[in-house]
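Trainee: let's see this in three dimensions:
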Amino acid sequence: MNTTSLMQGLGAIGLFPSRVFLPAFMTALLLRFGPDVPIIAHSGLLAHVQHHPTWFTHNITLIVLAALSILEIVAQKNPEARHLLQEFDSYLKSGLAFLTSLGVISTTDAAFANQTAHTASFIDYIVPMISALGTFKLSNVRRDVLLPLHEHVEGTHLDRLISWAEESWVVFGAFVLVIFPLLMLVLVAIAIGVVLLLRKRMAVLEERSRIACTHCGNLIYACAMACFSCRQPLEDPREVGWLGQSLPGPALNLKKHPYRLIEKRRCPLCATPLKSRAAHQTCAVCAQAVPGDEASTQAYVDYIGDRLPLILGVCFLFSLVPIIGLIAGAVYYRMELVLPFSQYLPFGRRFLLRWGIRLLFLVLVFFQLIPLLGGLVVPLMAFISYTAHRNAYQSLALAAPPSGLEIAAS
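Mentor: Got it, this is the predicted structure:
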């Protein structure tokens, strides 16, 4: 096993947590055709590549990896498919990292290539196992960091921008890893350090936001309406930020604060983050019904609807700017009017709504180029999206109204 393949196995830990198949495809592609490019033919791993294709650089392998990479890229642009992949992709990523590391060794190490699975020693598999284990660990860290961000920009152009950025990192990183393995190790170390620091910072901020209940002493979220254990109300719950975090200042409107918590997918009583996407659910910590009875459901809908006139006005201004205004307006109204409802809709309902509305928007986009008339496009898109998602949420939330606790509000 040569030194460069060892560095590749370690450097791959920085690529596979982002995608499953794309890093493997890019690595195999570069190993197969890189030696034919004069400028880079003797750089990095390419200096050790054998003259004949191995199983990892075989045509069939490249075709399969290319097809799977394309499917993965498409799936990552769809929120529903992305959520489905997140349930098990850590295992797939670690498995592909293991196979890719083996493939690189078999392509660059003639002695290993001549062995069979029965004669290869345990030492030959150390680097692939380290690559797989490191990928698995970092995949979970990445999920902890990006999941809250994806939850709040889901369905906007921002989530696609994040997706394209990760894929660009994989393509760039794979090239650097094959050509300049040592440089890639430095970049990966920096990237891993940043991700770990972000996760640690998020965990620290979350724990710091907890305070002791004045009645029972249990640690509770500072933005909660009441203690999860004794139900003692907080006198001055903190405001909730864009990502659902507790802010330093007090809540501006105590009466509407429970609905602000629901909007950020937190329990309206104890502020515990909600995991389910159901329109009607119960907090796992305090057993509070979310959003509550029929009156509470309607109050939440009205809370979001109250911002409609202002947002339509802002969208009108966005719509006056061709293309860029359309994108910015879509991001804005989706986060303010659509996400508060869509995050509580199940997979099937979200999928149908998204594609039904998207087909209609394809027609409306062309009208944005018409002077004056174009100013109505983004507000119309906002109103249609809001109405469709609001109605879908109401129909589900009121279908089986809970008989439990109502929202605790001051």
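Trainee: how about residues contacting the host helix or strand of V170?
Mentor: For V170, the host element (DSSP states H and E) is helix 157-179. With contacts defined as C-beta atoms under 8 Å, 6 or more residues apart in numbering, helix 157-179 is touched by 8, 11-12, 14-15, 18-19, 22-23, 26-27, 30-31, 34, 40, 43-46, 73, 76-77, 79, 82, 146, 149-150, 153, 183-184, 187-188, 327, 330-331. Where you see a C-beta, it was placed from the backbone N, CA and C, and this is true even at glycine.
Trainee: which residues touch A132?
Mentor: Taking C-beta under 8 Å, 6+ apart as the definition, contacts of A132 comprise S94, G95, A97, F98, S101.
Trainee: if you set the cut-off to 10 Å instead, what comes out?
Mentor: When the contact criterion is C-beta atoms under 10 Å, 6 or more residues apart in numbering, the partners of A132 are 9, 12-13, 16, 91, 93-102, 125.
Trainee: again, but for G241
Mentor: C223, L247, P248, K264.
Trainee: run the last query once more with 7 Å
Mentor: Shown here is G241, whose contacts under the criterion C-beta atoms under 7 Å, 6 or more residues apart in numbering are L247.
Trainee: and the pLDDT for it?
Mentor: In this prediction, G241 carries a pLDDT score of 82.
Trainee: how about low-confidence regions in the chain?
Mentor: Counting by pLDDT under 70, the chain contains low-confidence residues at 1-2, 4, 80, 109-124, 148, 150-157, 202-203, 206, 362-375, 400-410.
Trainee: can you name every helix or strand that the host helix or strand of L187 contacts?
Mentor: In this structure, L187 is located in helix 181-208 according to DSSP H and E. Contact partners of helix 181-208 among helices and strands, from 3 or more C-beta pairs under 7 Å, 6 or more residues apart in numbering; DSSP states H and E: helix 3-11, helix 126-153, helix 157-179.
Trainee: looking at those helices, which is buried most?
Mentor: helix 3-11 (a mean of 22; mean count of other C-beta atoms under 10 Å).
Trainee: packing partners of that helix?
Mentor: The criterion is 3+ C-beta pairs under 7 Å, 6+ apart, and the helices and strands that helix 3-11 contacts are helix 89-108, helix 126-153, helix 181-208.
Trainee: the first one - contacts with which helices or strands?
Mentor: Under the contact criterion of 3+ C-beta pairs under 7 Å, 6+ apart, helix 89-108 touches helix 3-11, helix 22-33, helix 110-113, helix 126-153.
Trainee: reformat the ones you listed as TSV; add distance to I162.
Mentor: Supplementary listing: those in TSV, determined by distance: least, C-beta to C-beta, whole Å:
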stretch	distance to I162
helix 3-11	22
helix 22-33	15
helix 110-113	38
helix 126-153	7
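Trainee: of all the ones you listed, which one comes closest to V314?
Mentor: helix 126-153 (17.7 Å; C-beta to C-beta).
Trainee: got the angle between that closest one and helix 181-208?
Mentor: Taking axes from the mean of the first three to the mean of the last three C-alpha atoms, to 10 degrees, one finds helix 126-153 and helix 181-208 inclined to each other by 50 degrees.
Trainee: and L234, which of the helices and strands packed on helix 89-108 is closest to it?
Mentor: Using C-beta to C-beta as the criterion, the shortest distance between L234 and these is 23.0 Å, found for helix 126-153.
Trainee: just want the angle from that closest one to helix 89-108.
Mentor: Helix 126-153 and helix 89-108 are oriented at 140 degrees to each other (the same axes, to 10 degrees).
Trainee: can you give the domain ranges for the chain?
Mentor: 3-205, 210-289, 308-397 (automatic domain parsing).
Trainee: so for L252, which of the helices and strands packed on helix 181-208 sits nearest?
Mentor: helix 126-153 (19.6 Å).
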